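K.L.:
sequence? don't have it. structure:
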């Protein structure tokens, strides 16, 4: 009851602000009751809960501007919240703040086939995009993460997410052609070509001010609109799985295939999620002789002949690696796997519900995801597997080369019981060890929670965080937009 | 049916992945409450997290906003179809257990529900209608009244249900079902003014003691009559009698929905359909019949069996059907939202180009009819039995 009582006191303290917000969006779209605040105070991760003072739900950029003005007037911070699936505590207020839930802003405003972009609001999910493109623009595609479909595509892009076409085209922030942003003082600005001309085609040749907002976790502005690239969707696709027995072989397969530029996606999962896909629960163990890692990839093609050429190159690469001593199983077509076990359907097409990962543990789930150089990938996988083995967690790895192999992903997922404080502490400890290991190998955590930011900051030797602080102070002198993020 | 003390294992599993918010594949909204109120606490996942807060003593049962959230749900169960977790089938039971606990703690139901409860106590139906009013819908139908007052018995009982029996606009459901049974020469009867509420609405608003009392009365009635089969044209009664009664007061008779029973009659050649003018129909799956009971095909098979009828599916159909908006006590407590949800469904029906919106639940029909009227829609709403009765002839 203590939290409810303090919520009542907070509501009293912020009565003026909440009334002003009601005047902007209407009474039904402002909430400060304990049940609402409780739900917004936490996510599924180990990050500590903190109750916001209220939640406001704007329907337009104009309303977001007015909310920012009121926040300034009352000196109360704002925390953006897009569609509801939040990781890393990124939408949990770090101090007393109003959460700005952007779910009502869910329009796909334009799909420009000729210039290969779409303009979306922050409440547009991957699912909505997939359905819209399939229905109205079947020749075009966006990129989807290994995450549930009810997540905001724009948030994912703003926070450097990795999706199934990231192997070819880079982190999702690179797919952003332009942004419309409400600044902490309430001004509405655009970055990218649409700031100057009536088109959202690119960020170049202007100074790239999108960098003031990409990766900032809402600490410099609330994005109300964004142009995201779309790409032609080739009519043919073949998804293959290749089992291998050690991280160094997996790296060789991914690296060599990546450089042939025949795959649109290349990724890798460890044995543990493979077992979970088949419904394994409880203690997971790698049996003798079982593959350690599964590489999977998508071959797209315009014609059967085109696909055949790609398949030939693919086979040649595998053949050469085998001659060099790599132990690699024959590739399997996902369609055959689905025939053997329909559960494979969940990995055959994106977006996916991801049930096998979500439904594994007793309700707590977290991860450390990082971007780093391919040259350290295999060592990173091996060392992090050791950390997980020592600490009793199954090695759940999701990984891929990014942007043709210019950088790579190492992402480790942990399930835990949020109700057990000792378990939560244990998870925090393991996450810290994983992050240290990764940073030692030049892998930097992405979408970093507050604890990971501290670790990143400790490695700053060249004034990076000072520069961040100066930019933040310039854009948000009152410290009102998602304060605490990036330690600012 | 879960008791409140049994829900704990289901609460921890929800990670708020958001899959419950939309129909997978179509990615159209699935949750009427979330779509109306938008805050996280109104979605299925948010309610489960609120239940955690209650369990942990962080939230207060006496908070009226919290209780409002618990009751702001049509219990349509669309979330159970979208949720990827293994506990998904128990979500609605968790919500009903929370409502029952709210009632036990005198925190619920909502003010809009009180008249339903009072009416059930006073009249044994939720419509504030005297019991003899049930006879109006049966007038001139030549149907046998079973029970102690008449001493008549029959192997089949047509359990009319309160809504169809007491809303004059729904009398075609009663006359249609009776006509179908008569044309097929089924030996059946009704309870007339001795029929009482099955308790469905009481269960949905958390009034379990009252529902249990009604269930025991009906259990005794049916046992005394020696009825073999109970046929009902109400999806709510059907769900309650088949799924809730085993926990409250198991029945000695098998229970079938009218759509299942009429399909059996058709398959056995006891009825035939007349050729009719071409008509395009779309079918709205009642939540209690579809998602809750898994009865999707019989109504469709019947419609498709009528010469001239062309069935066109709505985008969200079968397991993914959008709720009519009335259920779970929502229409009593949140009438504007119920209407809004109905209008969304009517618009979806219009998009199919259908002339008629057919359903198999009096409560859905009532709410859809209101939605049609409010929308000024050209679509006409029918109950399945009423439509079929118009097009049926006895087997020669």
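P.N.:
Arrived safely, thanks for sending. All values reported here derive from a predicted model rather than from experimental measurement.
K.L.:
Span of stretch A:81-93 from start to end?
P.N.:
Start-to-end span of stretch A:81-93 (C-alpha to C-alpha, to the nearest Å) is 10 Å.
K.L.:
do it and chain B meet?
P.N.:
Yes - contact of stretch A:81-93 with chain B (C-beta under 8 Å from any C-beta of the partner chain) involves A:83-85. From N, CA and C alone the C-beta is placed, and that goes for glycine too.
K.L.:
got a markdown table for those residues, with distance to residue B:99, neighbour count and secondary structure too?
P.N.:
As requested, the residues of stretch A:81-93 next to chain B are arranged in a markdown table below (distance: C-beta to C-beta, whole Å; neighbours: other C-beta atoms under 10 Å in any protein chain shown; DSSP: H, G, I helix; E, B strand; the rest coil):
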| residue | distance to residue B:99 | neighbour count | secondary structure |
| --- | --- | --- | --- |
| A:83 | 27 | 26 | coil |
| A:84 | 24 | 27 | coil |
| A:85 | 27 | 23 | coil |
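K.L.:
Of all the residues in the stretch 151-300 of chain B, which one is nearest chain A?
P.N.:
residue B:206 (17.0 Å; C-beta to the nearest C-beta).
K.L.:
neighbours around the residue nearest to that residue when sequence neighbours are not counted, how many?
P.N.:
Closest residue to residue B:206 apart from its sequence neighbours, by C-beta to C-beta, 6 or more residues apart in numbering or on different chains: residue B:99 at 3.4 Å. The number of residues packed near residue B:99 is 29, by other C-beta atoms under 10 Å in any protein chain shown.
K.L.:
Likewise for residue A:31?
P.N.:
Around residue A:31 there are 28 residues (other C-beta under 10 Å).
K.L.:
how deep is residue A:470 tucked in, by neighbour count?
P.N.:
Burial of residue A:470 is recorded as 11 neighbouring residues (other C-beta under 10 Å).
K.L.:
my guess is the residue nearest to residue B:206 contacts residue B:72, does it?
P.N.:
No - contact between residue B:99 and residue B:72 fails when scored by C-beta atoms under 8 Å: they sit 11.0 Å apart.
K.L.:
so where does residue A:483 fall, helix or strand?
P.N.:
If you go by DSSP states H and E, residue A:483 is not part of any helix or strand.
K.L.:
OK, contacts around it?
P.N.:
Contacts for residue A:483 (C-beta atoms under 8 Å, 6 or more residues apart in numbering or on different chains) come out as A:77, A:94-95, A:97, A:219.
K.L.:
Need the buried ones from those selected in PyMOL.
P.N.:
To isolate the buried members of those in PyMOL, using 16 or more other C-beta atoms under 10 Å in any protein chain shown:
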select buried, chain A and resi 77+94+97+219
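K.L.:
Closest one of the contacts of residue A:483 to residue B:253?
P.N.:
residue A:97 (59.5 Å; C-beta to C-beta).
K.L.:
remind me which residues of chain A are low pLDDT?
P.N.:
Low-confidence segments of chain A (pLDDT under 70): A:1-5, A:346.
K.L.:
For the residue sitting furthest away from the middle of it, what are phi and psi?
P.N.:
Taking C-alpha atoms, centre = their mean, the residue of chain A most remote from its mean C-alpha position is residue A:323, at 37.8 Å. For residue A:323, the backbone dihedrals (degrees, to the nearest 10) come out as phi -60, psi -30.
K.L.:
mind putting the contacts of residue A:483 in TSV, distance to residue B:352 and secondary structure included?
P.N.:
Below are the contacts of residue A:483 laid out as TSV (distance: C-beta to C-beta, whole Å; DSSP: H, G, I helix; E, B strand; the rest coil):
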residue	distance to residue B:352	secondary structure
A:77	48	coil
A:94	49	coil
A:95	51	coil
A:97	46	coil
A:219	47	coil
